[in-house]
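Visitor: next comes the sequence, and after it the predicted model I'd like to discuss.
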Amino acid sequence: MLSKGCRLCQQGAKLVLFITGRCGRGCWYCPLARERKGNDTVFANDREVSRPEEAVVEARLMSALGSSITGGEPLLVVDRVMEYTRALKEAFGPDHHIHLYSALVPDEETLKSLRGLVDEIRLHPPPEEWTDILDSPYLDGVRRAKARGFYAGFEVPALRGVEVLEAALPELDFLNLNELEWGEISADEMRRRGFRLTDDLHNAVKHSSRWAQPLRHHKKVHFCPSRYKDSVQLRERLKRIARNTARPFEEVTVDGTVMYGVTECNVDDHHSRSLMKEGQYQDYGDHLELSWKRLRHIAEQLPGRKYIIERYPNGGIVVEMIPL
Ligand code: SF4
């Protein structure tokens with residue numbers, strides 16, 4: 001059975017709040033990007049933020065139904081976690097579902113601070129502890145969290161030998177297995193261990209889904225394929241943002257990106273303006289933005305550079321620029 005956190009992720013309805021890039025562990029498979037690892041910065045989805053209110057704005061933009069607190073190690077900055085989760089709960093109400101990832105074992109005091117702010121806790125025990133998981137402090141951590149009313153379980157990468165975690169299942173609310181991903185930082189170690197990619201298109205590590213196989217039948221186990229994160233979660237999240245932010249002349253694509261046209265014609269030129277429909281373009285002083293279809297239609301009559309832009313919604317990264 002999927003945890004509520006996972007269900008909302010699948011709908012792309014969770015704000016991803018990267019609360020810090022600091023982490024005391026040095027997992028060889030760490031998937032963090034180089035520019036995030038070790039830096040004490042906060043990102044709400046892909047936007048760097050410095051105040052909880054900015055994260056709330058980002059959550060509003062996508063009509064978020066919940067948030068996932070990730071890192072780095074969130075419990076290194078418990079006060080910050082409290083500050084941001086409190087702002088999110090205050091803005092969206094107690095039903096705004098918040099799950100927190102951590103590779104540390106939360107003590108009683110930490111759990112007490114998070115009560116009412118975080119709903120679900122996902123602990124990441126290191127692989128060295130998996131064979132003795134029944135004696136691991138991580139299982140104690142889950143027991144403590146459950147006793148305090150949190151929904152609690154493990155979230156780990158699907159490595160070879162992960163099936164030993166079956167022993168912990170009776171005590172866990174869930175066990176999430178993430179397909180192992182080839183990372184920027186972990187690439188050398190992956191190569192040294194003889195790992196390879198499944199194909200040229202995705203960054204899933206070959207055999208990881210097979211290593212998860214012995215556990216996948218269990219009702220508490222959820223396997224999250226790497227391609228799913230891009231093809232479903234990200235796409236659905238982009239669509240939610242695009243629905244709220246796309247300008248009238250922008251086309252929202254099936255991937256959740258937006259498309260529009262740009263002309264660098266003289267914006268004061270009467271003839272150029274007469275080709276555009278009132279209210280169907282935006283003037284930026286040195287260029288105009290309008291429907292890409294309209295631009296293609298009138299392109300030959302306009303001087304200067306013209307192109308079509310496809311990008312993530314709300315001024316996000318440019319995916320493609322097509323000259324006309
Ligand atoms: S605990 Fe998480 S963030 Fe820290 S090194 Fe391991 S995988 Fe990376």
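Guide: Structure received.
Visitor: contacting residues for the residue nearest to residue 48 when sequence neighbours are not counted?
Guide: Nearest residue to residue 48 in three dimensions, chain neighbours excluded: residue 41, at 5.9 Å (C-beta to C-beta, 6 or more residues apart in numbering). Heads up, the C-betas are built off the backbone N, CA and C, glycines and all. Counting by C-beta atoms under 8 Å, 6 or more residues apart in numbering, residue 41 touches 18, 20-21, 48.
Visitor: per-residue pLDDT, residue 41?
Guide: You'll see residue 41 listed with a pLDDT of 97.
Visitor: and what of residue 183?
Guide: Value for residue 183, per-residue pLDDT: 87.
Visitor: on the three-state scheme, it is what?
Guide: coil (DSSP: H, G, I helix; E, B strand; the rest coil).
Visitor: how far away is it from residue 160?
Guide: 17 Å (C-beta to C-beta, to the nearest Å).
Visitor: check contacts around the residue nearest to residue 27 when sequence neighbours are not counted.
Guide: Distances taken as C-beta to C-beta, 6+ apart put residue 126 closest to residue 27, at 7.0 Å, once the chain neighbours are dropped. By C-beta under 8 Å, 6+ apart, the residues touching residue 126 are 25, 27, 103.
Visitor: where in this protein is pLDDT low?
Guide: 1, 230, 266-268 (pLDDT under 70).
Visitor: could you rerun that using 90?
Guide: Residue ranges of the chain with pLDDT under 90: 1-12, 46, 183-184, 198-203, 226-234, 264-288, 299-304.
Visitor: pull up the residues of this protein that are close to the ligand.
Guide: Contact residues (C-beta under 6 Å from any ligand atom) of the chain with the ligand: 23, 25-27, 30, 32, 71-73, 103, 124.
Visitor: so of those residues, which ones are in strands?
Guide: Among those, the ones falling in strands (DSSP state E) are residue 71.
Visitor: buried sites along the longest helix along the chain?
Guide: Ordering each helix of the chain by length in residues (DSSP state H) puts helix 78-92 first. Buried residues in helix 78-92, counted by 16 or more other C-beta atoms under 10 Å: 78, 80-85, 87-89, 91-92.
Visitor: what do you get for stretch 216-232?
Guide: 220-226, 228-229.
Visitor: got it, and stretch 184-195?
Guide: Counting neighbours by 16+ other C-beta under 10 Å, stretch 184-195 gives 185-186, 190, 195 as buried.
Visitor: which residue ranges form the helices in the stretch 201-324 of the chain?
Guide: Secondary structure of the stretch 201-324 of the chain, counting by DSSP state H, counting those that start in this stretch: helices at 208-212, 226-228, 235-245, 270-274, 292-298.
Visitor: right, and these - which one's nearest residue 304?
Guide: Evaluated over the helices of the stretch 201-324 of the chain, closeness to residue 304 peaks at helix 270-274, with 8.7 Å, by C-beta to C-beta.
Visitor: please identify the buried residues of that closest one?
Guide: residue 272.
Visitor: just to revisit the earlier point, quick one: buried ones out of the residues of the chain next to the ligand?
Guide: Buried, going by 16+ other C-beta under 10 Å: 23, 27, 30, 32, 71-73, 103, 124, out of the residues of the chain next to the ligand.
Visitor: sorry, back to before: which two of the residues of the chain next to the ligand have the greatest separation?
Guide: 26 and 71 (14.0 Å).
Visitor: shared neighbours, the two?
Guide: By C-beta under 8 Å, 6+ apart, no residue touches both residue 26 and residue 71.
Visitor: give me the number of neighbouring residues for residue 305.
Guide: Using other C-beta atoms under 10 Å, residue 305 has 12 neighbouring residues.
Visitor: do me a favour and get the end-to-end distance for stretch 15-29?
Guide: 24 Å (C-alpha to C-alpha, to the nearest Å).
Visitor: now that stretch: how far from the chain's centre is it?
Guide: Computed by C-alpha atoms, centre = their mean, to the nearest Å, the chain-centroid distance of stretch 15-29 equals 13 Å.
Visitor: which parts of it are buried?
Guide: 15-23, 27, 29.
Visitor: residue 121: neighbouring residues, count only.
Guide: 29.
Visitor: try residue 214
Guide: For residue 214, using other C-beta under 10 Å, the count is 13.
Visitor: list the residues that contact it.
Guide: 163, 166.
Visitor: break the protein down into its structural domains.
Guide: 4-240, 247-323 (automatic domain parsing).
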